[in-house]
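Novice: pasting the sequence and the predicted model now:
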Amino acid sequence: MTTPPLQRTSATFLGMPAFPKAARAALADTQQRRNLAHATATIRAKRAAVVGEVEDWEGLRVAGAAAKDDALHHLAERLEQLEANLTARGATVHWARDAEEANRIVVDLVRDRGAEEVVKVKSMVTQEIELNEALEEAGVSAWETDLAELIVQLGHDRPSHILVPAIHRNRAEIREIFLREMAAVGRPAPADLTDEPARLAEAARLHLREKFLRAKVAISGANFAVADTGTLVVVESEGNGRMCLTLPETLISVVGIEKVVPTFDDLATFLQLLPRSSTGERMNPYTSMWTGVAEGDGPQDVHVVLLDNGRTAALADPDGREALRCIRCSACLNVCPVYERTGGHAYGSVYPGPIGAILNPLLRGTGSDVDASLPYASSLCGACFEACPVRIDIPSLLVRLRSRVVDQSSRRSPEALAMRAAAWTFADHRRFEAAQRAATTGGRLLGGRTVRTVPGLGAWAQARDVPTPPRETFRQWWARTHDDEETT
Ligand code: SF4
């Protein structure tokens, strides 16, 4: 077999600026804002319609949250149960503490099978650990088979949405990417390709078909892992996932340990919550389930890599464990006014939007500028909590993470110094009145002009217009107009 050309996948998020700077650049991209506003408005309307059909949606949300909480409270036992059931049914279970360990396990498995390429089912967790990059380093081509992932990969781009990674691209841009890039890595796009969705989908289907038929190894994630049966579940819309899960000889699934759900009955709850919340459909078109190896049917060499990568630390964090309930439906992104305007790249991670703003600091800590800025990437309007099918109180978590970021920052930071100065001023009415007099003098000097920068409060003031101080305080006004009455 000739070696397929390596597909250099998306650039990683490493080295991205913190949210305020990245968001400013994203806001200037009017085409992207138009694409996002159109796409999120469409998904929001579809979701609202199908959620409205369910008689007791709130009851389902409560059941989903309770099932996830149960799994998380007994995580060690549930995982052992899952491992025992998977092993009993012919799968090999591997445990990975972090991204490096998981990548090493997968790369070794692929190499041992002599494979030079793999087909991939859309999977957030493999992006989290940058598996494609690790495979490419080992000389293995990793082909994304989900349409949106394919667009991102061929465009050497980064995903910007959990469900629709290429949401920031419109049809004309996708056509250009296909025409420009497909030929270098396989079947070229037809020369007369138009930007009609059906023609674009057909080009992708033909391009991918030869890869499906050739690949010996497939890599997937899992939406759910059912502990009491050892069943892994992938839900998807295009059928590409099912091709990967059934055609190759070897199947390697990388699964975050928080994906475990206790029973098959719980799965029924999630299979109602997930499609309605994510794509606005009553049921997702393809639900694939496999329990180890089925003799003579599908992959006979089945591996499951159970990945921690910060999850047990998040679980041990009383402020954050609720976030591990997330089923990655993306409903919180689609209703978030901040996400709609900035898009996903500004969050500097494969997990964008409101859930990214809490998951990334929980999984990676708040040591970097990017992660420390994320809890502030929200208006705290509460729309994300209303939309979340497993009732994660994202606004409250964000507030708690903000206080953690502030506590960690230096006591000599401009914000800490400003707060200390404010506390000193407010502690004594004479100081407060003197500050008010100084402010009104400043207000008179400004003459109605808006203050756009404040020395020492650069980042804070860049995002806000400081109100012009009034020319007269309330006390001064009272004294002037009620000089015959008590003024204090
Ligand atoms: S936080 Fe909730 S709404 Fe957002 S992706 Fe996760 S499950 Fe969906």
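Specialist: Received, thanks. Not measured: the values here are computed from a predicted model.
Novice: low-confidence ranges in this protein?
Specialist: The chain contains residues with pLDDT under 70 at 1-15, 411-412, 448, 450-465, 484-488.
Novice: grab the nearest non-local neighbour of the residue in the stretch 51-200 of the chain that the ligand sits nearest to.
Specialist: Across the stretch 51-200 of the chain, the shortest distance to the ligand (Cβ to the nearest ligand atom) belongs to residue 162, at 6.0 Å. Backbone N, C-alpha and C define where each C-beta goes, glycine included. In this structure, residue 162 finds its nearest non-sequential neighbour in residue 330, 4.0 Å apart by Cβ to Cβ, 6 or more residues apart in numbering.
Novice: what about residue 81, neighbour count?
Specialist: Neighbours of residue 81 under the rule other Cβ atoms under 10 Å: 18.
Novice: check which residues of the helix or strand where it lies are buried.
Specialist: Counting by DSSP states H and E, the element that carries residue 81 is helix 75-88. Of all the residues in helix 75-88, those buried under the rule 16 or more other Cβ atoms under 10 Å are 75, 78-79, 81-83, 85-86.
Novice: with stretch 345-364 instead?
Specialist: Taking 16+ other Cβ under 10 Å as the criterion, stretch 345-364 shows 345-364 as buried.
Novice: for stretch 384-394, same thing?
Specialist: For stretch 384-394, using 16+ other Cβ under 10 Å, the buried residues are 384-385, 387-394.
Novice: and if you look at stretch 90-102?
Specialist: 91, 93-94, 96, 99, 101-102.
Novice: farthest-separated two in those residues?
Specialist: For these, the maximum inter-member distance is 21.8 Å, found between 91 and 99 (Cβ to Cβ).
Novice: residue 283 touches residue 268, doesn't it?
Specialist: No - Residue 283 is not in contact with residue 268 according to Cβ atoms under 8 Å; the separation is 11.8 Å.
Novice: residues from the stretch 251-400 of the chain in reach of the ligand?
Specialist: 277, 326-332, 355, 387-390, 392 (Cβ under 6 Å from any ligand atom).
Novice: so which of those residues are in helices?
Specialist: Within these, residues falling in helices by DSSP state H are 277, 331-332, 355, 387.
Novice: what residues are up against residue 83?
Specialist: Residues in contact with residue 83, defined by Cβ atoms under 8 Å, 6 or more residues apart in numbering, are 93, 306.
Novice: repeat that for 7 Å
Specialist: By Cβ atoms under 7 Å, 6 or more residues apart in numbering, the residues touching residue 83 are residue 93.
Novice: now do the helices in the stretch 1-150 of the chain.
Specialist: With helices called from DSSP state H, counting those that start in this stretch, the stretch 1-150 of the chain shows them at 19-27, 30-53, 57-73, 75-88, 99-112, 124-128, 131-137, 147-154.
Novice: buried sites along the longest one?
Specialist: Within helix 30-53, the residues that count as buried by 16+ other Cβ under 10 Å are 32-33, 35-36, 39-40, 43-44, 47, 50-51.
Novice: nearest to the ligand among these?
Specialist: Distances from the ligand to the buried residues of helix 30-53, taken by Cβ to the nearest ligand atom, are shortest for residue 47, at 10.3 Å.
Novice: wait, the closest one sits on residue 280?
Specialist: Yes - if you go by Cβ atoms under 7 Å, residue 47 and residue 280 touch, sitting 4.2 Å apart.
Novice: can you get me a residue count around residue 438?
Specialist: 11.
Novice: so it is in which element?
Specialist: Applying DSSP H and E, one finds residue 438 within helix 429-446.
Novice: can you pull the buried residues of that helix?
Specialist: 436, 440, 443.
Novice: could you do stretch 406-426 as well?
Specialist: residue 414.
Novice: alpha carbons of that stretch, as PDB, please.
Specialist: Presented in PDB, the C-alpha positions along stretch 406-426 are these (Å, rounded to 0.1, in the frame of the first residue of the first chain):
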ATOM      1  CA  VAL A 406      -9.100  37.200  42.200                       C
ATOM      2  CA  ASP A 407      -7.800  35.400  45.300                       C
ATOM      3  CA  GLN A 408      -4.900  34.000  43.300                       C
ATOM      4  CA  SER A 409      -3.900  37.200  41.800                       C
ATOM      5  CA  SER A 410      -1.300  39.400  43.500                       C
ATOM      6  CA  ARG A 411      -2.500  41.600  46.400                       C
ATOM      7  CA  ARG A 412      -0.700  44.300  44.500                       C
ATOM      8  CA  SER A 413      -2.600  43.900  41.200                       C
ATOM      9  CA  PRO A 414      -4.300  47.100  40.000                       C
ATOM     10  CA  GLU A 415      -7.700  45.600  40.800                       C
ATOM     11  CA  ALA A 416      -6.700  44.600  44.400                       C
ATOM     12  CA  LEU A 417      -5.200  48.100  45.000                       C
ATOM     13  CA  ALA A 418      -8.300  49.800  43.600                       C
ATOM     14  CA  MET A 419     -10.500  47.700  45.900                       C
ATOM     15  CA  ARG A 420      -8.400  48.500  48.900                       C
ATOM     16  CA  ALA A 421      -8.500  52.200  48.100                       C
ATOM     17  CA  ALA A 422     -12.300  52.000  47.700                       C
ATOM     18  CA  ALA A 423     -12.600  50.200  51.000                       C
ATOM     19  CA  TRP A 424     -10.500  52.900  52.700                       C
ATOM     20  CA  THR A 425     -12.600  55.700  51.200                       C
ATOM     21  CA  PHE A 426     -16.000  54.100  52.000                       C
END
